[in-house]
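whatever this is, show me its structure:
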Amino acid sequence: MIEEITTSYVIEPWDHLMMTQSADGSVHDQYAPPELEELARQVMERYDMSVSGMALITAKPDKGGAIWRIQTNHGPRSIKVLHRTPNRSLFSIGAQDYLVQQGARVPALIPTREGNLHVVAGGKAWIVTEWVEPLTPVSKIELAEVRELCRGLGEFHRLSRGYVPPFGAVKASRLYRWPKFYEKIITKLRWFEEIAQIYSEFPASGTLLSMLAQVKSEAADYYQMFRDSAYERMVGMGEPYWGLAHQDYGWSNGQMGPGGVWIIDLDGVAYDIPIRDLRKLITSTMVDMGGWDLAWVRGMIEAYNEGNPIDRETYELLWIDMAFPNEFYKHVKEIVYLPETFIPTELEPILNLVGAVEATKWPVLEELRADMMKYPSGEYPEVQQVSFVAPLMLPEMLPAASWFERPGAEAFDELAFMPAAEEEAASAAVPAAPFFPSQRGVIGASRRRRRARRGRRRGGRRFAPRSGSGSAMNAGSRSRSGNSYSRSNRSRSSAASRSDPAASRVRMTGSTRRTGGSGNVLLRMPGRTRAASVLRRSARSASRRTSRRQAGSRSSTRRSARFLRQKERR
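This is a model prediction of the structure:
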C-alpha cells in the first residue's frame, strides 16, 4: 500500500534560485526551499515520533533531493527525500531493507504508523532512517584503513545477493550494459578528437590529439579482450545471483562506525557485476595518489576478496576494467559540454596528470595479471543459442468463406500447413518487378465485384456525359464493356495463378514483396505479422459483404412494401 500526502507543491530542482549561487558562481548544497522543509514536517507527522530539532545536512539542488538530521524522542534520525521517481526509489528502499535483514551495516529504515517504509509527497519518495554515530571518514593515506574500506565493500556485495525488488518497483540494472558502456566511451573518444581539431588554436588541443591515438588503440584492444572474456556466461547467471553494486562507493559513502565500515547513501544501487565498484575505487585512488602503486592495488583486491571471495573470471573482468582508459575519459569528458572554456583553462593540467598516472599503470597491471591464476575458476555454464519460431496465431471467429474469396488464399493455406512448400517458397528468387503488369491485377477481387455492382445499379449514369449529346444506352454499353474487361482480366489472373501455383506461393512468403495500389499492398514483414495482415483484410472483406447483404435485404423489403401498397390502391 502506498502512503501518500496530497499537496499542491511538486518537488523540482532549485539550482536556478539565487540562494543556491555561491560567490564563485557554483551551486552550493546548503539550501533547501522553505516549501520543501514544510513538506518534510508533514511527512514526519506520519511517524511515531516527536521532533524537537531539524538541520539540513546536504542537498542536491540540481536534482531535487535533500537530507536532514532530526532530533526525536527516540534519538537522532534522518529524513531524506529521494530525487528519483517513487517507483525507481522503491527499488533502493527495498534493497536497503533487505540488506538490514541480511545483517549488513547500513542504516535501518523506520516504518510509519501504518507500517510503510516510505511516504510519497510532492511527487517524490521520503524515508526516515536511523542516524548512525559516530561515523568517521577513512584515511586516504593509510593502506590499513583503505583495506577496511574494501573489505566492507566486499561484505556489502556478498550480503546483497538474492535481492528481489518489491512489487511495483522499477528495476535498476547495469548487469547487461557493460558492452554499451565501453562502446560509449570509444565513441566519445572520437568526439574528443574532432573537437580538438575544431579548436586547434589552443595548445592543449595539440596535446590531446597526440595522446588520443594511443588511448583509442588501448580502448579498442581491451574492448576486444572484454568481448572474449567470460562476461556473457557470467551475466547468464541472472541478476539476483550477482546482487547489487553501490555505483557511488567512496570515501564519503563508506565510513568507519560501530563494528566496522558502514555504507550509506544507497539511492543509486543497481544490479551489476559488483566488482566494478572496486575498480572505480582503485583507479580513482591511484589518480589521487598521482601514480599506480602495486602494494596498494594488490592490498585492496585482497581485502575485498576477504569480504566477498572472487573467482578467476571476475578477476579478469576487474583487470580489463582497470586497463580500459576509464579515468582518461572521466577527466576529459567535460570537453564535450564546454569546449570554449574547458580547453584553454583546464585541459592542459588534466592531461599532464592523467598522462603521468597512465605511465605508471602498465607495469603494475603486468604484475597483477600474473596474480590471476591464484584465484579459483568459476562455474559458469556455456550460453545456449536458442532459436525460437513464433507459432502462427489464427483468430477463432474468422468466417471460413473469407479465406477462399481472395486471391492467393490457397497459397497462404499451403504455407501455413506445409513446411516443405514454405522452404521452397523462401528459397525462390526475389523478382525485380511487381508480379502484376497493371494495377488492375492487384486490386482485390471483392473490390472489383463491388465496382461492377455499383456500375449495374447506376445503370451507366457514372459515365454519362455532362451535356445532352450522349445517350444513356451508349453510356451503359461503355460501362458494360469496362465491366467485361475487368471480368476478363480477373479470369486471366486466376488462370495464371492456377497454371503456376509456385508463383502464388512465392507471393505470400516473407522474403518477397507484393506491390500495388489502392491499399492492397503486402510489404516484406515477419510471418506472424504477415498472417495478421492477411487475416485483417479477410475480416474486413467479410464485414463489408455482411453489410451489403443487410442493405440488399432492406432494399428488397422496401420494394415489396411499395408493391403491396400499389396493389391495395388498385
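
which strand is the longest one in the protein?
For the chain, the strand with the greatest residue count under DSSP state E is strand 51-60.

I'd like the next helix or strand past that strand.
Once strand 51-60 ends, the next helix or strand along the chain (criterion: DSSP states H and E) is strand 65-72.

strands paired with that next one, and their directions?
strand 51-60 (antiparallel), strand 75-82 (antiparallel) (DSSP bridges).

quick one: buried residues of the last one?
Of the residues in strand 75-82, those with enough neighbours to count as buried (16 or more other Cβ atoms under 10 Å) are 77, 78, 79, 80, 81, 82. For the C-beta atoms, the positions are set from N, CA and C on the backbone; glycine is no exception.

circling back to that earlier point, what comes up buried for the longest strand of the chain?
Neighbour-count burial for strand 51-60 [16+ other Cβ under 10 Å]: 51, 56, 59, 60.

hey, what's residue 137 bridged with?
Assessed by DSSP bridges, residue 137 has beta-bridge partners residue 255.

report the contact partners of it.
251, 252, 255, 256 (Cβ atoms under 8 Å, 6 or more residues apart in numbering).

can you check residue 318 too?
Residue 318 neighbours (Cβ under 8 Å, 6+ apart): 275, 278, 279, 301, 310.

residue 162 - how many residues pack around it?
10 (other Cβ atoms under 10 Å).

quickly note the distance from it to residue 129.
Remark: distance between residue 162 and residue 129 (Cβ to Cβ, to the nearest Å) = 22 Å.

okay, stretch 90-103 in CSV with CA atoms only?
Listed next in CSV are the C-alpha coordinates belonging to stretch 90-103 (Å, rounded to 0.1, in the frame of the first residue of the first chain):
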residue,chain,number,x,y,z
LEU,A,90,11.2,1.8,-4.3
PHE,A,91,14.0,-0.4,-5.7
SER,A,92,16.6,1.2,-3.5
ILE,A,93,14.3,1.3,-0.5
GLY,A,94,13.6,-2.4,-0.8
ALA,A,95,17.3,-3.1,-1.2
GLN,A,96,18.2,-1.2,2.0
ASP,A,97,15.6,-3.1,4.0
TYR,A,98,16.8,-6.4,2.5
LEU,A,99,20.4,-5.6,3.5
VAL,A,100,19.4,-4.7,7.0
GLN,A,101,17.7,-8.1,7.3
GLN,A,102,20.8,-9.8,6.0
GLY,A,103,22.9,-8.1,8.7
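
touching that stretch from outside, list them.
So stretch 90-103 is in contact with 82, 84, 106-109, 117-118, 125, 127, 129, 156, 159-160, 163, 165-166, 168-172, 244, 266-270, going by Cβ under 8 Å, 6+ apart.

show the buried residues in those.
82, 84, 106-107, 109, 117-118, 125, 127, 129, 156, 159-160, 163, 165, 169, 172, 244, 266-270.

the chain: strands as residue ranges?
4-5, 51-60, 65-72, 75-82, 119-121, 124-130, 136-137, 244-245, 254-257, 260-263, 270-271.

can you list the ones you listed in CSV and add distance to residue 90 and mean pLDDT?
As requested, the strands of the chain are exported to CSV (distance: least, Cβ to Cβ, whole Å; pLDDT from 0 to 100):
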stretch, distance to residue 90, mean pLDDT
strand 4-5, 13, 96
strand 51-60, 19, 96
strand 65-72, 15, 97
strand 75-82, 9, 98
strand 119-121, 10, 97
strand 124-130, 7, 98
strand 136-137, 30, 94
strand 244-245, 14, 98
strand 254-257, 24, 96
strand 260-263, 19, 97
strand 270-271, 13, 98
